[in-house]
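> build me a model:
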Amino acid sequence: MRVWLFSLALLLAPGLEASETTLLEFRIEDQFKNKHSNEEYAGAVVLLIGADGGGAEFNAAWSTAIHGALEEHPNYAALARMPYADLRGVPFFAKGYVRGLMPEQEDDWILMDWRGKLAKAYEFAPGETNVLVFDSGGALVTRASGREPDPEVVREVVKVLQGLLDRI
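Numbering: from 1, shown residues only. Next comes the predicted model:
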């Protein structure tokens with residue numbers, strides 16, 4: 001009986017959900033040491049594209065496929081991008097080296113999450129690009145992951161984003 005009650009308490013305990021369903025509070029620096037937070041995304045449709053080191057090489061292909069399909073949308077400029085790097089496990093002495101591997105253009109900033117807070121909360125698939133879409137209220141609407149972008153999956157993500165952008 002005690003085991004059952006303990007198990008029930010774990011299931012019902014706040015903060016122990018399997019995966020987050022809203023945009024978490026965060027404060028993360030990019031590779032230029034500019035601070036970013038969830039507050040700058042308030043009220044926006046958000047597209048998070050990110051990965052750990054094993055999936056980072058696929059991020060550009062996913063980003064190009066999704067943004068390319070949306071760039072003609074009349075509200076495309078309202079889409080907030082959130083490029084993300086899950087860097088947990090990188091030793092402290094290698095941080096400078098890793099920063100140097102990131103794009104050098106200010107417009108190509110990437111959130112550098114040394115603790116993997118977002119990747120853990122949203123249960124990122126390791127070794128793959130992870131795509132998350134949040135509506136203007138901060139609710140996680142859809143997610144996808146993979147190495148090379150699957151055209152059908154990209155179409156589904158784009159369809160969701162178009163619907164959200166149509167409401168702006």
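> got a list of what residue 37 touches?
Contact partners of residue 37, counting by C-beta atoms under 8 Å, 6 or more residues apart in numbering, are 25-28. (Glycine included, C-beta is placed from N, CA and C.)
> dump these into TSV; add secondary structure, pLDDT and neighbour count as well.
TSV is the format used below for the contacts of residue 37 (DSSP: H, G, I helix; E, B strand; the rest coil; pLDDT from 0 to 100; neighbours: other C-beta atoms under 10 Å):
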residue	secondary structure	pLDDT	neighbour count
25	coil	97	9
26	coil	97	17
27	strand	98	10
28	strand	98	20
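> which parts of this protein are strands?
Shown for the chain, the strands assigned by DSSP state E span residues 27-29, 35-37, 45-51, 79-86, 111-113, 129-134, 140-146.
> please produce TSV containing those strands, extended by distance to residue 119.
Converted to TSV, the strands of the chain look like this (distance: least, C-beta to C-beta, whole Å):
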stretch	distance to residue 119
strand 27-29	11
strand 35-37	16
strand 45-51	7
strand 79-86	4
strand 111-113	7
strand 129-134	8
strand 140-146	11
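> of all those strands, which one is nearest residue 99?
Closest to residue 99 of the strands of the chain is strand 111-113 (C-beta to C-beta; 7.1 Å).
> next one: the closest one to chain centre, how far?
10 Å (C-alpha atoms, centre = their mean, to the nearest Å).
> quick one: the helices in this structure, in order.
2-12, 59-70, 95-101, 117-121, 151-166 (DSSP state H).
> would you mark the buried spots in stretch 42-60?
Neighbour-count burial for stretch 42-60 flags 44-53, 55-56, 58-59 (criterion: 16 or more other C-beta atoms under 10 Å).
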